[in-house]
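Q: Here is my input, please return the structure:
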Amino acid sequence: MSKTKKTTRQTGSRRKQQFLLSEDSPFAVQEAYKLLRTNLIFSTTEDKGKTVLITSSMQGEGKSTTAVNLGIAFAQNHSRVILIDCDLRLPTDASKLKVKNQPGITDVMIGINKLTDAIQHLPTGLDFLAAGTIPPNPTELLGSERMRQILDALSNHYEYIIIDTPPVTTVSDAAILAKIVSGVVIVCKQGVATQESVSETLQKLSFSEAKVLGFVFNGVANEKVTKYKSHYSYSYGYAHAHQNRSSSSSGGSRSSNDFETI
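A: Residues are numbered from 1 along each chain as shown. Next up, the predicted model:
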């Protein structure tokens, strides 16, 4: 392999890693995710697993990075948390975490793998259920009774379930799942989100009777990072540029007898 190609691959790998939350992340970034984590803790009141859906209005707003880092933030707080990549058309969470994308949730839903075999236990303490095999009918799968059964089983084991979904204005996947989760967080990126796209997103989610917990404003310059009250909930801006390495914290083992047959 030529030095140029090797350098290009190394640079690409660093770019995939640079947005991952860790103890080496800038202080402002860590505090922003801690604040988001705390707000979600107080906004979800279920007795068992609290399921938070992360979405956006349009592609490229950073909803997957937010979902991954929110999962890591809960793991850093020693919570039992699992991240599920339900963006079955364009999954990126496995690539960001540098883990395998199969088996995943689609393979569990169609009976190829058991749930316990598909869950990956990461060094950060975060558990991860990848998207799995790309299906021809993602909307039907996500709206199936099987999906409900999987979430019910996971909610008996985890304190928090973070679900990464496609943008709301692109496909109906997020709106379908919004009916069965504790709440929805909408990621908006400065320069990408528009009033029209956000309005359409809220309208579609309202048809699903979704509980919108708030917004995460992405790509906001440091000097513009603010906290303010929105129409739905408190929202927090945070700088998108992270320069850090993967967390070195270690997670404990998981007992999964309660859903080993799923």
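Q: Convert the helix or strand containing Thr51 to CSV, retaining C-alpha atoms only.
A: Under the criterion of DSSP states H and E, Thr51 resides in strand 50-56. C-alpha atoms of strand 50-56 as CSV (Å, rounded to 0.1, in the frame of the first residue of the first chain):
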residue,chain,number,x,y,z
LYS,A,50,-36.7,4.9,29.4
THR,A,51,-36.6,4.9,25.6
VAL,A,52,-35.4,8.1,23.9
LEU,A,53,-35.6,8.5,20.1
ILE,A,54,-33.0,10.7,18.4
THR,A,55,-33.9,12.1,15.0
SER,A,56,-33.6,15.2,12.9
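Q: could you give the mean pLDDT of it?
A: With pLDDT averaged residue by residue, strand 50-56 scores 97.
Q: mind listing what that strand pairs with, with the direction of each?
A: Here strand 50-56 is paired, per DSSP bridges, with strand 160-164 (parallel), strand 183-189 (parallel).
Q: Return the most buried member of these.
A: Comparing these by mean neighbour count (mean count of other C-beta atoms under 10 Å), strand 160-164 ranks first with a mean of 26. Just so you know, the C-beta spots here come from the backbone N, C-alpha and C atoms, and that holds for glycine as well.
Q: So for the helix or strand encompassing Lys204, what gets flagged as buried?
A: Following DSSP H and E, one finds Lys204 within helix 195-207. Under the neighbour-count criterion of 16 or more other C-beta atoms under 10 Å, helix 195-207 has 197-198, 201-202, 204-205 buried.
Q: which one of the strands paired with strand 50-56 lies closest to Val99?
A: Among the strands paired with strand 50-56, the nearest to Val99 by C-beta to C-beta is strand 160-164 (14.1 Å).
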